[in-house]
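Visitor: what would the 3D arrangement of this be:
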Amino acid sequence: MSLRLFKILWIIARHRLDTLIPMERLPFWLRALLWFSPLRLFSVGHRSRGERLRLALEALGPIFIKFGQMLSTRRDLLPDDVANELRRLQDQVPPFPGELAAARVEKELEMSLDVAFAEFEQAPLASASIAQVHAAKLHTGEEVVVKIIRPGIDRIMRQDMALMYQVAKLFAKVPEARRLRPVEVIRDYEATLFDELDLYKEAANTSQLKRNFKDSPLLFVPTIYWPFTRRHVMVQERIRGVPVADMETLTARGVNLKKLAERGVELFFTQVFRDNFFHADMHPGNIFVNCDNPEDPQYIAIDCGIVGSLTREDQDYLARNLLAFFHQDYYEVAALHIESGWVGENTRANEFAAAIRTVCEPILEKPLKDISFGQVLLGLFQTARRFNMEVQPQLVLLQKTLLNIEGLGRQLYPELDLWSTAKPYLEQWMKDRAGISGLWESLKRQAPELSHQLPELPVLAHQALTRMEVEHRQRHQQVDSIHHMQRQMADQGKRHHRLRIGLLLVAIALAWQPLASWAATQDWPILGAAAIGLLLLLWQ
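Guide: Residues are numbered from 1 along each chain as shown. As a prediction, this is how the structure comes out:
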């Protein structure tokens, strides 16, 4: 662990990433500390700041490369020179040797390359943070690509995840950061990240996504060749599309960018709400465009290693929250957050609604080019801090995907109005979900289970009625027992009372002569006190 931490610090120092920090925004003492730090012993060199950041992320490994890939889509948050360099992380990560790739394919498939493929190109077609891709051709003539996991990548990832857990645990001890639930977020990120190391899972996700969009004009998903797919090797259909980030080619081909951007939004909401199965790694390196019909462009998706889904409750709450935002009904947003448990039950809805209104009102009814979801999320986090709202780990993947969609839409068509594009779809989805058709679909889904349970209903009803009758008899028996105990206690109390009176009368009779002599010599206050005491004894 300490060795890995030392390596990270060394890479940061060697590439002088401290020069990326805006010194003018730091407090004086921190500026002075950085000015006299040992980092200044390293030369900045001739490389640009974007290139130094990209090289540092490449040297740090796949987790940091993934972070750089996400940043590359946020040109509103980064200078152009830095964003252009980070864009190279999407599919231009330095490859591992082709001979090593070929040997791994033969080991996984347990056959030689000549037996498996008619052709296999050892020079990689593309290289990413976790795997790289080689072009090949099957003996049956289909052109395919072979995806191969980088050797030794799991060991590096486990080291980085262990380090991130340590940092998250330290953050969790800070009261202000505890509501962000850093350990839970890292745990969810770890699960999704390590899923990418198992190409069986990616192949299964790809097949599912292909079924969801069979014959759809929105999305094309390549076919998986299962006989040649293993845990660390996957073979799928080769696609011929234009990278979505290649704006020059898309423009030259006359692609309708407005329609392409709108279809991207529709594609996102279709995956999240209709299918509840969404591609959660939609950076530009994984998205291509079929330009055969420029006026009717179609997306092509690859690399389905990370997918997400929501519970039915989270789906409903998310859709209702978004619709409330679109209708500028901030009180409904606040009420939904309280109802779902995302904020404390003691939160006052009107105060929370006023805080949300302050953040969101300035951005509504604006084109996407004028809206930064990064700034909106920052404002919402600041608002949430006042109301102790916790981060929902199950929504982190969705938030990441939404940021990718925003970056993609901003790049394709900056005038896109995300609100007006998404609002009709969500309204129709809610109508279908809550209407007659939604009820009918729910009944059809549950029909097999209902048909299995129907023959058992008479038996279940008889058992329920019998159980109710037994419980009713038991309650009556308990009530009778309680009444019997109360009568016994009352009778016992009466017997004790009679016994006390009898003993007192016997004592008075036996002691009457001495008592009469004593009473004749006493004043009336003493006699009155004795009489009162005697009455109290009789009363008790």
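
Visitor: helices of the stretch 101-250 of the chain, start to end?
Guide: Taking DSSP state H, counting those that start in this stretch, the helices of the stretch 101-250 of the chain run over residues 113-116, 153-172, 175-178, 182-195, 199-212, 247-252.

Visitor: grab the nearest non-local neighbour of P217.
Guide: Q298 (6.0 Å; CB to CB, 6 or more residues apart in numbering). Heads up, the C-betas are built off the backbone N, CA and C, glycines and all.

Visitor: F288 is in contact with the one you found, correct?
Guide: No: at 9.5 Å, Q298 and F288 do not qualify as touching, with contact defined as CB atoms under 8 Å.

Visitor: what ranges do the strands span in this structure?
Guide: For the chain, the strands defined by DSSP state E cover 119-120, 126-127, 131-137, 143-149, 219-220, 233-237, 242-243, 278-279, 287-290, 298-301, 307-308.

Visitor: now render those as TSV, adding distance to D80.
Guide: What follows is those, written out as TSV (distance: least, CB to CB, whole Å):
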stretch	distance to D80
strand 119-120	39
strand 126-127	24
strand 131-137	28
strand 143-149	31
strand 219-220	30
strand 233-237	34
strand 242-243	18
strand 278-279	27
strand 287-290	21
strand 298-301	25
strand 307-308	30
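
Visitor: for K137, which of the helices of the stretch 101-250 of the chain is the nearest?
Guide: helix 113-116 (10.7 Å; CB to CB).

Visitor: list the contacts of that closest one.
Guide: Outside helix 113-116, the residues that touch it by CB atoms under 8 Å, 6 or more residues apart in numbering are 102, 105-106, 109, 120, 228.

Visitor: H139: what's it in contact with?
Guide: Shown in contact with H139 (CB under 8 Å, 6+ apart): 117-118.

Visitor: average pLDDT across stretch 343-357?
Guide: Mean pLDDT, stretch 343-357: 79.

Visitor: ok, stretch 63-73 next?
Guide: Mean pLDDT, computed over stretch 63-73, is 70.

Visitor: then stretch 233-244?
Guide: Stretch 233-244 comes out at a mean pLDDT of 93.

Visitor: how far out from the middle of the chain is that stretch?
Guide: Distance of stretch 233-244 from the chain centroid (CA atoms, centre = their mean, to the nearest Å) equals 28 Å.

Visitor: quick one: end-to-end distance for it.
Guide: Across stretch 233-244, the terminal residues are separated by 26 Å (CA to CA, to the nearest Å).

Visitor: how about E142, nearest residue that isn't a chain neighbour?
Guide: Closest residue to E142 apart from its sequence neighbours, by CB to CB, 6+ apart: E237 at 7.0 Å.

Visitor: residue contacts, that neighbour?
Guide: Under the criterion of CB under 8 Å, 6+ apart, the neighbours of E237 are 142-145, 222-225.

Visitor: ditto for R231
Guide: Residues near R231 by CB under 8 Å, 6+ apart: 108, 198-200.

Visitor: can you lay out those residues as CSV showing pLDDT and distance to E469?
Guide: Below are these laid out as CSV (pLDDT from 0 to 100; distance: CB to CB, whole Å):
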residue, pLDDT, distance to E469
E108, 93, 65
D198, 89, 55
L199, 93, 59
Y200, 93, 54
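
Visitor: buried members of those into ChimeraX, please.
Guide: Those of the contacts of R231 that count as buried under 16 or more other CB atoms under 10 Å are selected in ChimeraX with:
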select :108,198,199
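
Visitor: what is the burial count for M161?
Guide: Look at M161: counted by other CB atoms under 10 Å, it has 18 neighbours.

Visitor: before we move on, back to that, widest-spaced pair of the contacts of E237?
Guide: The most widely separated members of those, counting by CB to CB, are E143 and I224 (14.4 Å).

Visitor: neighbour count winner among the two?
Guide: I224 (21 against 13).

Visitor: neighbours around the residue nearest to the more buried one when sequence neighbours are not counted, how many?
Guide: Leaving aside its sequence neighbours, I224 sits nearest to A203 (CB to CB, 6+ apart; 4.6 Å). Applying other CB under 10 Å, we find 21 residues neighbouring A203.

Visitor: do the same with M485
Guide: When neighbours are defined as other CB under 10 Å, M485 has 10 of them.

Visitor: now do it, the pLDDT please.
Guide: 79.

Visitor: for it, give its distance to D491.
Guide: Here M485 is placed at a distance of 11 Å from D491 (CB to CB, to the nearest Å).

Visitor: likewise for N346?
Guide: Plainly put, N346 is 52 Å away from D491 if you go by CB to CB.

Visitor: swap in E361?
Guide: From E361 to D491 the distance is 76 Å (CB to CB).

Visitor: now swap in A123 and tell me
Guide: Using CB to CB, we find A123 at a distance of 103 Å from D491.

Visitor: how about A354?
Guide: For A354, the distance to D491 (CB to CB) stands at 67 Å.

Visitor: just P362 next, same as before
Guide: From P362 across to D491, the span is 80 Å (CB to CB).

Visitor: the more surrounded of those two?
Guide: Taking other CB under 10 Å, P362 and D491 do not tie; P362 has more neighbours (14 against 10).

Visitor: with adjacent residues omitted, what lies nearest to D303?
Guide: Leaving aside its sequence neighbours, D303 sits nearest to N286 (CB to CB, 6+ apart; 4.3 Å).

Visitor: what about the one you found, neighbour count?
Guide: 22.

Visitor: when you give positions from now on, start the count at 583
Guide: New numbering, starting at 583: the last item is N868.

Visitor: look up how far A717 lies from it.
Guide: To A717, N868 is 17 Å away according to CB to CB.

Visitor: then D780?
Guide: 23 Å.

Visitor: go on, V1041?
Guide: 62 Å.
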